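>>> take this sequence and fold it.
(chains A and B)
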Amino acid sequence: MAKEVTKRSENYSQWYNDLVMKADLAEQSAVRGCMVIKPYGYAIWEKMQSILDAKFKSVGVQNAYFPLFIPKSFFSREAEHVAGFAKECAVVTHHRLMNDPKGKGVVVDPEAKLEEELIVRPTSETIIWSTYKHWITSWRDLPILCNQWCNVVRWEMRTRLFLRTAEFLWQEGHTAHATSAEAEAMTKQMVNVYADFARSAMALPVIVGHKSPNERFAGALDTLTIEAMMQDGKALQAGTSHFLGQNFAKSFDVQFTNNEGKQEHVWATSWGVSTRLMGALIMSHSDDEGLVLPPVLAPIQVVMVPIYRTDEEHNAVLDKMYEVKKQLEALGHSVKVDDRDTLRPGFKFAEWELKGVPVRIAMGARDLQNGTVEVARRDTLTKETMNLEGVAEHIHGLLDDIQKNIYQKALSFRDANVRKCDSWEEFKTEITKGGFLLCHWDGTPETEQAIKDETKATIRCIPMDSYVSDEEGTCIYSGKPSKGRVVFAISY
RNA sequence: CGAGAAGUAGCGCAGUUGGUAGCGUACCACGUUCGGGACGUGGGGGUCGGGCGUUCGAGUCGCCUCUUCUCGACCA
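This is a model prediction of the structure:
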């Protein structure tokens, strides 16, 4: 009873917050806006990291690490970029503390003021491009494909566990290319890496598309995005890949000599996903019983709960369980035998459901006698009794089914909440119901801004791979001609 | 930074016209339980956010202050 979670339908935000904390994923820290990621939550993040990292390496990207602190002067070279981040930066001004001469405690030593302030990175384009300058002189040095896993700080006014915190973990890839075409191809390749990861690992259906100029990354010529729909119908930007053109190369004076002996500025991309993906995972699959994890990302894929009255029974059941555990591990699955002898089975069932473990096996004296086990799946909350023999193979297949089923469920939900909308009056009421609206737009930032001001809805993307439309029409707001439908939604 | 609300046990809360601190849950011990979040008995735990004031007496009234949350502006 202690861990009961708010119902989704009652208050989606509270449900989400409760769930994150009660499933042991994360909690608010003492520092305002910051988050403690707990071991169970971090284990999921680590799985995401390792899958993404392997994908990056398979396309030739290497990991590196750049400094946390960026000198203020570096940061202020790309005007558009600084305008995008200036309002949310943490700044280091001193480098020493001292005992308060007036009493107890410590104060900042006024003598230790830095000559030039250091900015705690909100993103690393600036420090990376000032470094790349020294790495690049010839076309033979290109491309450079680096990624770093790190934390960044954006001093947000309002925060939400995983979705928006003052400090968050992410990966940021930064690449340098000799040609525009190559950089654009890279931008597209990386957004597809993200889309593939979201779909296959996170069981998250996403729409790949271009951001509108208003929603573009500060300093980018084009931003590609993967957009997902949460269960409350809001959109969540799950990952982005930016084509930066020559903007950063020009700001940081990064030139190379091409194979004709001429000086050229290099072409850049950057791309990233963050611990926000954890929020996407939680908000797209979980139910009123708690978290639902896709097997690919579940730190524990199978949990086994023994049911017993006596020590003898407990030991007998555990012996069988460890046998099954071995078989499952041989098939590459992570298994936990919940042998805690202070908790009742019902409590354990509820707890593992809350934590989203995809498959649960229960076994008791009755099963020992009959040679059976009870297998329960988290996604459907159904259970069946089956023969102990062959159970490992069955579960091997079952995990795969669960992965697919979770994806299908999320996909059906999304498709059921994507609809076309052709009149402004209709738009204003439809948008408040949640979901994605496919609408015609005249392509101007002014129209997008006006729609945002009136309804809070923004263009999530101009779709590239699903819901693609080249149907001509008239803009829902201005009535001017439009070349195709774009995705409008209220977003996180 | 604008608008609202709240600070009392680990967490969630109650506390009447001012009278000296309580409930639920969690925690600890023992016993009975154990196939869907067990029950009984006993136990430990509090500078009531902080300061000043009114009063014989303040969790309660007044003033000041700090912090947090929700909603806006900002944002992956």
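>>> RNA strand B contacts on the stretch 351-492 of chain A?
Applying Cβ under 7 Å from any atom of the strand, one finds that the stretch 351-492 of chain A approaches RNA strand B through A:351, A:353-354, A:360, A:362-367, A:374, A:376, A:381, A:383, A:385, A:456. Where you see a C-beta, it was placed from the backbone N, CA and C, and this is true even at glycine.
>>> which of those residues count as buried?
With neighbours counted by 16 or more other Cβ atoms under 10 Å, those contain buried members at A:351, A:353-354, A:360, A:362-365, A:367, A:374, A:376.
>>> helices - which of the residues of the stretch 351-492 of chain A next to RNA strand B land there?
Using DSSP state H, the subset of those located in helices is A:351, A:353-354, A:365-367.
>>> name the helices or strands packed onto the helix or strand bottoming out on mean pLDDT in chain A?
Among the secondary structure pieces of chain A, namely its helices and strands, strand A:106-108 has the lowest mean (mean pLDDT, DSSP states H and E), a mean of 75. Taking 3 or more Cβ pairs under 8 Å, 6 or more residues apart in numbering; DSSP states H and E as the contact definition, the neighbouring helices and strands of strand A:106-108 are strand A:97-99.
>>> partner strands of the strand it packs on and their direction?
strand A:106-108 (antiparallel) (DSSP bridges).
>>> what is the mean pLDDT for the very next helix or strand once past the partner strand?
Toward the C-terminus, strand A:106-108 is succeeded by strand A:113-120 as the next helix or strand (DSSP states H and E). The average pLDDT for strand A:113-120 rounds to 90.
>>> up against RNA strand B, what does the stretch 201-350 of chain A have?
Where the stretch 201-350 of chain A comes near RNA strand B, counting by Cβ under 7 Å from any atom of the strand, the residues are A:217-218, A:237, A:240, A:274-276, A:289-290, A:307-309, A:344-347, A:349-350.
>>> for the buried ones among the residues of the stretch 351-492 of chain A next to RNA strand B, work out which two are farthest apart.
Based on Cβ to Cβ, the longest span within these runs between A:354 and A:365 and measures 26.7 Å.
>>> residue A:300 and residue A:333 touch, don't they?
No - contact status for residue A:300 versus residue A:333: not in contact, 9.4 Å apart, counting by Cβ atoms under 8 Å.
>>> and the longest helix for chain A?
Ranked by residue count and defined by DSSP H, the top helix of chain A is helix A:391-416.
>>> other SSEs contacting it?
Counting contacts by 3+ Cβ pairs under 8 Å, 6+ apart, helix A:391-416 packs against strand A:222-229, helix A:276-285, helix A:311-330, strand A:359-363, strand A:372-377.
>>> ok so, going back, how about the buried ones among the residues of the stretch 351-492 of chain A next to RNA strand B in a markdown table, adding pLDDT?
Formatted as a markdown table, these follow (pLDDT from 0 to 100):
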| residue | pLDDT |
| --- | --- |
| A:351 | 94 |
| A:353 | 94 |
| A:354 | 93 |
| A:360 | 98 |
| A:362 | 97 |
| A:363 | 97 |
| A:364 | 95 |
| A:365 | 93 |
| A:367 | 96 |
| A:374 | 97 |
| A:376 | 98 |
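>>> follow-up on the earlier one: for the record, mean pLDDT for the longest helix of chain A?
For helix A:391-416, the mean pLDDT works out to 97.
>>> buried sites along that helix?
Using 16+ other Cβ under 10 Å as the test for burial, helix A:391-416 gives A:391-392, A:394-396, A:398-399, A:402-403, A:405-407, A:409-411, A:413-414.
>>> tell me the contacts of the residue most central in space within chain A?
With distances taken as Cα atoms, centre = their mean, chain A has residue A:277 as the residue nearest its mean C-alpha position (1.5 Å). Residues in contact with residue A:277, defined by Cβ atoms under 8 Å, 6 or more residues apart in numbering, are A:48, A:198, A:202, A:238-239.
>>> TSV please, covering those residues and showing neighbour count, pLDDT and secondary structure.
Below are the contacts of residue A:277 laid out as TSV (neighbours: other Cβ atoms under 10 Å; pLDDT from 0 to 100; DSSP: H, G, I helix; E, B strand; the rest coil):
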residue	neighbour count	pLDDT	secondary structure
A:48	20	98	helix
A:198	24	98	helix
A:202	26	98	coil
A:238	25	95	strand
A:239	28	96	strand
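>>> count of residues packed around the spatially closest residue to residue A:99 that is not a sequence neighbour?
Closest residue to residue A:99 in three dimensions, ignoring its sequence neighbours and counting by Cβ to Cβ, 6 or more residues apart in numbering: residue A:106, at 6.1 Å. One way to gauge burial is a neighbour count; for residue A:106, by other Cβ atoms under 10 Å, it gives 9.
>>> got it, and the one 10 residues further on?
Burial of residue A:116, expressed as a neighbour count using other Cβ under 10 Å, amounts to 9.
>>> partners of the residue lying closest to residue A:465 once chain neighbours are set aside in the sheet?
Leaving aside its chain neighbours, residue A:465 sits nearest to residue A:208 (4.6 Å; criterion: Cβ to Cβ, 6+ apart). Judged by DSSP bridges, the bridge partners of residue A:208 are residue A:226.
>>> quick one: low-confidence parts of chain A?
Within chain A, the stretches with pLDDT under 70 are A:1-6, A:30, A:102-105.
>>> if we go to 50?
Judged by pLDDT under 50, chain A has its weakly predicted residues at A:1-3.
>>> what ranges do the helices span in it?
Taking DSSP H to define them, one finds helices in chain A at A:12-22, A:39-58, A:72-75, A:79-85, A:125-135, A:180-200, A:247-251, A:276-285, A:311-330, A:345-354, A:365-370, A:391-416, A:424-430, A:445-455.
>>> by contact count, what packs against the fourth one?
Packed against helix A:79-85, as judged by 3+ Cβ pairs under 8 Å, 6+ apart, are the following elements: helix A:247-251.
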